[in-house]
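Engineer: this one's sequence-less:
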Ligand SMILES: [Zn+2]
């Protein structure tokens with residue numbers, strides 16, 4: 001479980017679904033996703049974890065130190081985008097596994113006495129590239145998405161999540177409860193840490209986000225013979241909306257709104273037929289909820305004028321929304337003091353990307369940490385984190401895991417009990 005072994009294991013894991021450009025391709029529920037899960041299964045067993053899957057195929061490695069005591073959960077995800085990077089998610093899963101296994105070794109040696117149980121998790125379908133929405137496994141775990149709805153979700157080829165598991169044995173009726181806290185480490189996927197020459201990002205909040213499913217409906221006709229004024233070209237309408245969504249960001253201060261359309265389905269997608277329908281996603285994010293809601297209103301106005309201009313119908317449905325969500329300040333204080341103790345330069349950052357911790361944070365005391373991404377590149381085969389930073393993150397997370405196993409987060413009340421098993425309950 002030393003640093004050299006960590007890098008070797010990370011390389012072995014990255015070979016599964018490896019692409020020629022140095023990345024990985026392990027979309028949720030594909031053969032390469034299943035392969036990396038099996039690799040992780042054997043890693044967990046080899047290091048004394050009990051392996052379980054829940055109903056949506058979240059993969060758990062359990063270390064039960066105190067039967068009946070609550071679980072502290074640590075992890076991230078092993079699935080990737082198409083032509084994705086090696087580090088996104090996978091880094092955090094392996095770090096969490098190492099950190100927990102190190103605690104187990106110390107517990108067996110008697111140098112530490114855990115007061116809670118530790119579980120490592122590989123969340124199913126964090127990326128959402130094949131099955132929408134993203135962060136599916138943690139959404140089901142936290143009750144934000146019904147299990148049956150998730151299992152029935154189909155990819156563009158009509159294959160359901162349930163069918164993708166087929167007879168892999170990767171789902172069961174296991175459920176992990178009660179959970180006391182969650183922690184995750186991830187690559188930053190931005191360049192703040194690199195620019196400020198810091199090694200550890202202490203995430204104090206998530207940008208607000210609104211995700212839409214947009215359908216533009218026109219009418220199918222001949223690309224050559226249909227006179228221009230008769231056309232109801234869905235692709236033309238979609239392209240105006242794509243441009244408008246991009247230019248929407250110019251209305252607000254720089255850096256305060258991110259917007260994108262990144263997936264299109266064109267029907268019938270024929271070179272000689274004017275498109276009758278285009279469906280696409282549309283994604284708006286902001287660190288300011290007021291700006292996000294103004295942008296949403298402006299998008300409605302744009303849709304109305306574009307539908308007139310292109311003579312098409314535009315419907316957009318909000319499929320996913322989260323507001324500005326801050327992480328537990330107690331966790332921020334704990335991680336800052338650990339970073340200081342270890343001499344690791346740190347800074348407070350917000351996450352623009354959603355993570356499984358975004359879901360967990362709404363229900364449980366949650367900690368999120370970042371390590372630097374070279375040039376801020378992510379969702380790309382070139383995604384990279386330097387070995388030195390990668391190992392600093394491992395050191396940091398190992399110490400965090402050690403502290404959490406002693407019940408330091410969330411802090412126990414004076415009678416030795418937890419204030420509550422989850423934030424949801426505490427809020428009533
Ligand atoms: Zn990720």
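Structural biologist: Alright, I've got the coordinates. Since this is a predicted model, take the numbers as computed values, not measurements.

Engineer: around the ion, which positions in this protein sit nearby?
Structural biologist: Within the chain, the positions lying close to the ion (CB under 5 Å from the ion) are 88, 89. Every residue, glycine included, has its C-beta placed from N, CA and C.

Engineer: show me where the chain has its helices.
Structural biologist: Taking DSSP state H as the criterion, the chain carries its helices at 3-14, 31-46, 90-109, 136-141, 147-152, 161-165, 192-196, 234-247, 289-310, 329-342, 356-361, 387-405, 423-427.

Engineer: could those helices go into JSON lines alongside mean neighbour count and mean pLDDT?
Structural biologist: Listed next are the helices of the chain as JSON lines, based on neighbours: other CB atoms under 10 Å; pLDDT from 0 to 100:
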{"stretch": "helix 3-14", "mean neighbour count": "15", "mean pLDDT": "97"}
{"stretch": "helix 31-46", "mean neighbour count": "18", "mean pLDDT": "97"}
{"stretch": "helix 90-109", "mean neighbour count": "23", "mean pLDDT": "97"}
{"stretch": "helix 136-141", "mean neighbour count": "27", "mean pLDDT": "97"}
{"stretch": "helix 147-152", "mean neighbour count": "15", "mean pLDDT": "97"}
{"stretch": "helix 161-165", "mean neighbour count": "19", "mean pLDDT": "96"}
{"stretch": "helix 192-196", "mean neighbour count": "16", "mean pLDDT": "94"}
{"stretch": "helix 234-247", "mean neighbour count": "20", "mean pLDDT": "98"}
{"stretch": "helix 289-310", "mean neighbour count": "16", "mean pLDDT": "96"}
{"stretch": "helix 329-342", "mean neighbour count": "17", "mean pLDDT": "95"}
{"stretch": "helix 356-361", "mean neighbour count": "28", "mean pLDDT": "93"}
{"stretch": "helix 387-405", "mean neighbour count": "22", "mean pLDDT": "97"}
{"stretch": "helix 423-427", "mean neighbour count": "13", "mean pLDDT": "36"}
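
Engineer: residue 120: how many residues sit nearby?
Structural biologist: Neighbourhood size, residue 120 [other CB atoms under 10 Å]: 29.

Engineer: with residue 280 instead?
Structural biologist: Neighbour tally, residue 280, other CB under 10 Å: 20.

Engineer: thought residue 266 was touching it, still the case?
Structural biologist: No: with contact defined as CB atoms under 8 Å, residue 280 and residue 266 do not form a contacting pair (9.1 Å).

Engineer: looking at this protein, which residue is nearest the ion?
Structural biologist: Closest contact between the chain and the ion, by CB to the ion, is at residue 89 (3.9 Å).

Engineer: for residue 283, give me its contacts.
Structural biologist: 209, 210, 211, 212, 258, 259, 260, 261, 262 (CB atoms under 8 Å, 6 or more residues apart in numbering).

Engineer: pick out the residue nearest the middle of this structure.
Structural biologist: Nearest to the mean C-alpha position of the chain, counting by CA atoms, centre = their mean, stands residue 355 at 3.2 Å.

Engineer: just list the residues touching that residue, thanks.
Structural biologist: 76, 126, 135, 184, 186, 206, 368.

Engineer: and those as a markdown table, adding distance to residue 40 and neighbour count?
Structural biologist: Shown next, in a markdown table, are the contacts of residue 355 (distance: CB to CB, whole Å; neighbours: other CB atoms under 10 Å):
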| residue | distance to residue 40 | neighbour count |
| --- | --- | --- |
| 76 | 12 | 27 |
| 126 | 14 | 27 |
| 135 | 19 | 27 |
| 184 | 16 | 30 |
| 186 | 17 | 29 |
| 206 | 26 | 25 |
| 368 | 21 | 30 |
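
Engineer: burial count for the nearest residue to the residue of the chain closest to the ion once chain neighbours are set aside?
Structural biologist: Distances taken as CB to CB, 6 or more residues apart in numbering place residue 77 nearest to residue 89, at 3.8 Å, with adjacent residues excluded. Neighbour count for residue 77, taken as other CB under 10 Å: 31.

Engineer: quick check, residue 77 in contact with residue 87.
Structural biologist: No: judged on CB under 8 Å, residue 77 makes no contact with residue 87 at a distance of 11.6 Å.

Engineer: thinking again about what came up before, can the helices of the chain go into JSON lines with extra columns for distance to residue 71?
Structural biologist: Formatted as JSON lines, those follow (distance: least, CB to CB, whole Å):
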{"stretch": "helix 3-14", "distance to residue 71": "24"}
{"stretch": "helix 31-46", "distance to residue 71": "15"}
{"stretch": "helix 90-109", "distance to residue 71": "11"}
{"stretch": "helix 136-141", "distance to residue 71": "12"}
{"stretch": "helix 147-152", "distance to residue 71": "20"}
{"stretch": "helix 161-165", "distance to residue 71": "24"}
{"stretch": "helix 192-196", "distance to residue 71": "30"}
{"stretch": "helix 234-247", "distance to residue 71": "41"}
{"stretch": "helix 289-310", "distance to residue 71": "32"}
{"stretch": "helix 329-342", "distance to residue 71": "16"}
{"stretch": "helix 356-361", "distance to residue 71": "12"}
{"stretch": "helix 387-405", "distance to residue 71": "11"}
{"stretch": "helix 423-427", "distance to residue 71": "15"}
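
Engineer: out of the contacts of residue 283, which end up buried?
Structural biologist: With neighbours counted by 16 or more other CB atoms under 10 Å, the contacts of residue 283 contain buried members at 209, 210, 211, 212, 259, 261.

Engineer: can you check the pLDDT for the first one?
Structural biologist: This means residue 209. Per-residue pLDDT puts residue 209 at 93.

Engineer: from residue 295, how far off is it?
Structural biologist: Residue 209 is 11 Å from residue 295, where distance means CB to CB, to the nearest Å.

Engineer: overlap in contacts of the two?
Structural biologist: 284, 286.
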